[in-house]
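Trainee: Give me coordinates for this.
(one chain, ligands or ions: 2)
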Amino acid sequence: MEIAIRFAASPPPPAIAGGGAGDGRRGGGAVRVAVLGGGRRLEAAAAAAAAVGNSARCRAKKGGGTGGALGGIGVEEGGGDQLSVVMKFGGSSVSSAARMREVTGLIAAFPEERPVVVLSAMGKTTNLLLLAGEKAVGCGVIRVSEIEEWNVIKDLHIKTVDELGLPRSVIHTMLDELEQLLKGIAMMKELTLRTTDYLVSFGECMSTRIFAAYLNKVGVKARQCDAFDIGFITTDDFGNADILEATYPAVAKRIHGDWIRDPAIPIVTGFLGKGWKSGAVTTLGRGGSDLTATTIGKALGLREIQVWKDVDGVLTCDPNIYPNATTVPYLTFEEAAELAYFGAQVLHPQSMRPAREGDIPVRVKNSYNPKAPGTLITKHRDMDKVVLTSIVLKSNVTMLDIVSTRMLGQFGFLAKELDHVVEELEKIAVVHLLQQRAIISLIGNVRRSSLILEKEKRSECPDDLASEAKQCIKALHQAFFEDDVLTEVDEDALHMS
Ligand SMILES: Nc1ncnc2c1ncn2[C@@H]1O[C@H](COP(=O)(O)OP(=O)(O)O)[C@@H](O)[C@H]1O
Ligand SMILES: N[C@@H](CC(=O)OP(=O)(O)O)C(=O)O
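Mentor: Numbers count the residues shown, from 1 in each chain. Ligands and ions are numbered 1, 2, ... in the order given. Have a look, this model is predicted:
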């Protein structure tokens with residue numbers, strides 16, 4: 001096993017998720033174990049946005065109420081309370097009419113809160129849209145209506161609208177436009193990144209329209225908002241756009257202004273933005289609705305950001321790899337960012353940044369088990385008793401090991417230029433291209449690194465193929481979270497050895 005021990009505060013060497021370019025050779029399958037310390041800056045601190053925090057806090061006058069079937073949650077006419085939290089619900093939380101009813105109940109359960117709601121696309125809609133788009137490229141215009149994924153998407157949304165007792169007109173235009181778009185792709189026999197972003201945006205555009213209509217139906221005044229129309233301004237990197245600073249004041253002004261003029265719970269499309277040059281719809285990378293939520297939290301200076309998922313919080317490892325994973329009750333923003341950055345699917349890698357900059361607590365909760373306390377992510381936590389927080393696996397990683405006498409500076413370009421870069425770098429350095437690797441990261445207390453290393457060594461982690469990475473996670477989890485043998489190790493003795 002290769003063991004790379006990382007205590008540095010910087011991102012890892014050019015390990016490129018997704019395999020990158022190359023000839024597809026299978027590497028030997030070394031597993032890298034990286035020990036990462038909490039309490040450090042992962043990213044360079046960026047200048048905070050314009051001081052919209054306090055000024056943008058929504059203030060509204062008290063007024064007469066509209067009442068509503070859900071009692072307390074009905075927003076008051078002519079004023080109402082301030083918007084105080086963001087509640088983001090992921091695809092699994094809004095995958096059906098029944099789930100949308102449950103989520104309505106969760107919002108109603110906190111009548112004193114005035115939430116901004118962020119929604120992802122229903123269930124697996126984003127994946128289905130991507131597959132439908134790929135099929136449209138090759139199937140011919142006439143056969144678009146036969147694309148299986150398109151029919152699944154259409155049926156799911158119509159069924160949901162019907163079951164919620166809403167008129168189909170809520171999504172008719174969207175479904176028509178989506179079919180036209182698929183036909184356009186079939187006609188052009190081409191699917192660009194820009195068109196792909198437009199295509200997947202239909203998922204969030206439909207889920208939010210349905211949910212806002214349902215809330216209004218049951219007496220909770222709600223307003224559907226497309227993120228690309230309310231100030232989410234991004235780079236034009238389709239598929240993985242970055243949110244620009246101008247977003248914060250723009251979003252604050254718009255949501256605040258709408259609330260003052262006509263208080264209604266904003267139901268915002270997660271994951272989407274508007275490219276500042278192109279004016280086209282962009283997406284923030286898979287799982288980007290978390291980032292939408294934290295951006296709104298910071299923009300409006302809200303009290304708390306709630307991220308509702310289908311697990312009891314951030315867990316000690318991916319429960320799909322090892323089901324004995326348990327909830328991590330507290331995390332710092334930096335630990336959570338490291339976890340996400342090094343592969344834990346549960347949070348979007350960039351999503352902690354706005355929360356950290358705005359110093360707004362993030363609570364990760366389970367919409368299927370709302371009584372579970374979840375994970376609370378804050379700026380600081382007591383690290384005294386913390387050894388290891390979580391184990392993270394990142395698979396299908398391409399690594400470039402570069403040994404050079406020169407300063408190479410930034411490595412970001414390597415990811416994009418992998419085809420040419422090895423050849424070029426070989427002129428100035430010894431380069432090893434390692435593909436099909438896995439990185440296992442141990443996110444923990446850097447001050448207990450000796451203990452972590454000792455325990456890692458004693459775990460029965462297999463030391464050969466990357467395909468055994470999952471076995472390794474299991475062994476590490478057992479050693480760190482299910483076995484007390486080494487917790488009393490004398491750390492001073494370890495330092496001496
Ligand atoms: N360390 C981890 N803690 C919790 N969940 C994890 C972890 N690693 C991977 N996951 C996976 O992440 C999923 C939740 O993230 P995601 O699917 O993005 O949620 P949502 O779509 O509801 O926002 C869980 O169902 C779980 O399978
Ligand atoms: N729907 C998008 C954005 C998102 O954040 O989804 P989720 O919250 O379900 O991970 C995706 O699937 O990537």
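
Trainee: quick one, phi/psi of the residue in the stretch 251-400 of the chain positioned nearest to ligand 2?
Mentor: Among all residues of the stretch 251-400 of the chain, Ser289 sits closest to ligand 2, at 3.2 Å; criterion: Cβ to the nearest ligand atom. For every residue, glycine as well, the C-beta is placed using N, CA and C. Backbone torsions of Ser289, given as degrees, to the nearest 10, read phi -70, psi -30.

Trainee: Identify the nearest residue to it in space, disregarding sequence-adjacent positions?
Mentor: Gly270 (2.5 Å; Cβ to Cβ, 6 or more residues apart in numbering).

Trainee: Next: Ala246.
Mentor: Nearest to Ala246 is Ile233, by Cβ to Cβ, 6+ apart, at 5.1 Å.

Trainee: hang on, Arg381 in a helix?
Mentor: No - assigned with DSSP: H, G, I helix; E, B strand; the rest coil, Arg381 falls outside any helix and is coil.

Trainee: Quick check: which element contains Lys88?
Mentor: strand 85-89 (DSSP states H and E).

Trainee: pretty sure the residue of the stretch 251-400 of the chain closest to ligand 2 contacts Val94?
Mentor: No - Ser289 is beyond contact range of Val94, at 10.6 Å (criterion: Cβ atoms under 8 Å).

Trainee: Tell me where this protein is predicted with low confidence.
Mentor: 1-80, 400, 402-416, 418-419, 460-467, 484-497 (pLDDT under 70).

Trainee: residues in contact with the residue nearest to the spatial centre of it?
Mentor: Nearest to the geometric centre of the chain sits His348, at 2.5 Å (Cα atoms, centre = their mean). By Cβ atoms under 8 Å, 6 or more residues apart in numbering, the residues touching His348 are Leu284, Gly285, Arg286, Gly287, Gly288, Ser289, Asp290, Leu291, Ala340.

Trainee: before we move on, what about Ala212?
Mentor: Going by Cβ under 8 Å, 6+ apart, Ala212 touches Ala222, Arg223, Gln224, Ile267.

Trainee: what about it, distance to Val218?
Mentor: 11 Å (Cβ to Cβ, to the nearest Å).

Trainee: Ile243 too?
Mentor: Distance from Ile243 to Val218, by Cβ to Cβ: 32 Å.

Trainee: which element is Ala340 on?
Mentor: Short version, using DSSP H and E: Ala340 is in helix 333-341.

Trainee: who does that helix touch, helix- and strand-wise?
Mentor: Packing contacts for helix 333-341, counted by 3 or more Cβ pairs under 8 Å, 6 or more residues apart in numbering; DSSP states H and E, involve helix 352-358, strand 375-378, strand 388-403, strand 430-444.

Trainee: how about the residues of the stretch 1-150 of the chain near ligand 2?
Mentor: Applying Cβ under 6 Å from any ligand atom, we find that the stretch 1-150 of the chain lies next to ligand 2 at Gly90, Gly91, Ser120, Ala121, Thr126.

Trainee: so how many other residues sit close to the nearest residue to Val387 once chain neighbours are set aside?
Mentor: Closest residue to Val387 apart from its sequence neighbours, by Cβ to Cβ, 6+ apart: Arg448 at 4.8 Å. By the criterion of other Cβ atoms under 10 Å, Arg448 has 21 neighbours.

Trainee: isn't Arg448 right up against Val386?
Mentor: Yes - contact criterion Cβ under 8 Å: Arg448 and Val386 qualify, at 7.4 Å.

Trainee: Which neighbours do the two have in common?
Mentor: Counting by Cβ under 8 Å, 6+ apart, nothing touches both Arg448 and Val386.

Trainee: quick one: the residue nearest to Ala246 from Leu244, how far?
Mentor: 5 Å.

Trainee: which SSE is Asn216 in?
Mentor: helix 193-217.

Trainee: Revised request: answer the last question for Thr295.
Mentor: Judged by DSSP H and E, Thr295 forms part of helix 289-300.

Trainee: Between helix 289-300 and the helix or strand following that helix, find me the angle.
Mentor: Downstream of helix 289-300, the next assigned helix or strand under DSSP H and E is strand 304-309. Following axes from the mean of the first three to the mean of the last three Cα atoms, to 10 degrees, one obtains 170 degrees for the angle between strand 304-309 and helix 289-300.

Trainee: and strand 304-309, what other elements does it pack with?
Mentor: strand 85-89, helix 289-300, strand 362-366.

Trainee: most neighbours per residue, which of these?
Mentor: helix 289-300 (a mean of 29; mean count of other Cβ atoms under 10 Å).

Trainee: With just CA atoms, put that one into PDB.
Mentor: Taking C-alpha atoms only, helix 289-300 is exported to PDB below (Å, rounded to 0.1, in the frame of the first residue of the first chain):
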ATOM      1  CA  SER A 289     -28.200  22.500  -4.500                       C
ATOM      2  CA  ASP A 290     -26.300  22.400  -1.200                       C
ATOM      3  CA  LEU A 291     -24.300  25.400  -2.500                       C
ATOM      4  CA  THR A 292     -27.400  27.200  -3.600                       C
ATOM      5  CA  ALA A 293     -28.700  26.900   0.000                       C
ATOM      6  CA  THR A 294     -25.500  28.100   1.700                       C
ATOM      7  CA  THR A 295     -25.200  31.000  -0.800                       C
ATOM      8  CA  ILE A 296     -28.700  32.100   0.100                       C
ATOM      9  CA  GLY A 297     -27.900  31.700   3.800                       C
ATOM     10  CA  LYS A 298     -24.900  34.000   3.500                       C
ATOM     11  CA  ALA A 299     -26.600  36.500   1.100                       C
ATOM     12  CA  LEU A 300     -29.500  37.000   3.600                       C
END
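
Trainee: right, quick check: that helix against ligand 1, any contact?
Mentor: No - under the criterion of Cβ under 6 Å from any ligand atom, ligand 1 is not reached by helix 289-300; the shortest gap measures 6.5 Å.

Trainee: next one: that helix to chain centre, how far?
Mentor: 11 Å (Cα atoms, centre = their mean, to the nearest Å).

Trainee: which strands and helices sit next to that helix?
Mentor: Here helix 289-300 touches helix 53-56, strand 85-89, strand 115-119, helix 247-261, strand 265-269, strand 304-309, helix 352-358, going by 3+ Cβ pairs under 8 Å, 6+ apart.

Trainee: List the contacts of the second one.
Mentor: Strand 85-89 is contacted from outside by 103, 106-107, 110, 113-120, 270, 289-290, 292-294, 296-297, 300, 302-308, 367, using Cβ under 8 Å, 6+ apart.
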